[in-house]
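S.K.: Requesting a structural model of the entry that follows:
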Amino acid sequence: MIPSFRARRSSPSNSCGVDVAVCDVCGEGFRGGSANVGKWTFCTHQCRDRGKALQALEEYSDSVIWNQIQKARNGSCPECGQAGQLDVHKSHRAHSVVIWTTWQSHLHMCCKSCARSHQWKAIGYTAALGWWGVPWGFIASPIQIGRNLVAMMCRTDQPSSLSHRRLPLRRHRGRGL
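M.R.: Numbers count the residues shown, from 1 in each chain. Predicted coordinates:
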């Protein structure tokens, strides 16, 4: 089955049953403050700028985009050069200093082995530098470490939903269809 790469029409509900919008670039759910362009919804202006490629891809059929995704997935890893199942993976980290805490999620287009390396590094970074903020460091650090551990256990035999959003952007920006 070929998934649709067009803008989402409905908003999913979060765990509390409240409707949330979903960014058409990064896939993050959010409430309010969206940047809308036509039928596309973006969580930030940065995602809106990255999403310009989605608008350019409107002229291509879903099957053409899907074939490009499969072609990209079967290529060689841009980090280690090994051939294999490439996918878009996330790593999560937190950093704290006294009363300031920040947490981030990073996307990596790579093989499963390189993704695990990124996730282990993020766990180490968070374990060393994430706990030092009061009170958010104590809250964000175990959450980010847990998110990395969950991501490490995910199957990669099918393209992730992140691939459906990110690979068309990468292919359009880099090489064209």
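
S.K.: What's opposite the residue lying farthest from the centre of the chain in the beta bridge?
M.R.: Relative to the C-alpha centroid of the chain, counting by C-alpha atoms, centre = their mean, residue 98 is the outermost residue, at 29.0 Å. For residue 98, the beta-bridge partners under DSSP bridges are residue 133.

S.K.: any idea how far residue 102 is from residue 120?
M.R.: Taking C-beta to C-beta, to the nearest Å as the measure, residue 102 falls 20 Å from residue 120. Placement of C-beta: from N, CA and C, glycine included.

S.K.: mind showing which ranges of the chain have poor pLDDT?
M.R.: Counting by pLDDT under 70, the ranges of the chain that qualify are 1-19, 31-34, 155-177.

S.K.: mind listing the strands for it?
M.R.: Taking DSSP state E as the test, the strands found in the chain are 21-22, 29-30, 35-37, 40-42, 87-97, 100-110.

S.K.: In JSON lines: those, plus distance to residue 55.
M.R.: What follows is the strands of the chain, written out as JSON lines (distance: least, C-beta to C-beta, whole Å):
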{"stretch": "strand 21-22", "distance to residue 55": "17"}
{"stretch": "strand 29-30", "distance to residue 55": "20"}
{"stretch": "strand 35-37", "distance to residue 55": "7"}
{"stretch": "strand 40-42", "distance to residue 55": "7"}
{"stretch": "strand 87-97", "distance to residue 55": "20"}
{"stretch": "strand 100-110", "distance to residue 55": "20"}
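
S.K.: In CSV, list those along with mean neighbour count.
M.R.: Compiled in CSV, those are given as follows (neighbours: other C-beta atoms under 10 Å):
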stretch, mean neighbour count
strand 21-22, 19
strand 29-30, 16
strand 35-37, 14
strand 40-42, 21
strand 87-97, 22
strand 100-110, 16
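
S.K.: Minimum distance to residue 77: which of these has it?
M.R.: Closest to residue 77 of those is strand 100-110 (C-beta to C-beta; 5.2 Å).

S.K.: quick one: strands adjacent to that closest one?
M.R.: Strands adjacent to strand 100-110 in the sheet, as given by DSSP bridges, are strand 87-97 (antiparallel).

S.K.: Alpha carbons of the partner strand, in CSV - could you do that?
M.R.: Listed in CSV are the C-alpha atoms of strand 87-97, where the atom choice follows Å, rounded to 0.1, in the frame of the first residue of the first chain:
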residue,chain,number,x,y,z
ASP,A,87,15.5,5.2,7.9
VAL,A,88,14.9,8.5,9.8
HIS,A,89,15.7,7.9,13.4
LYS,A,90,15.4,10.2,16.5
SER,A,91,17.8,10.7,19.3
HIS,A,92,16.8,12.7,22.4
ARG,A,93,18.9,14.6,24.9
ALA,A,94,18.7,17.0,27.8
HIS,A,95,21.1,19.5,29.2
SER,A,96,20.8,21.4,32.5
VAL,A,97,22.6,24.1,34.4
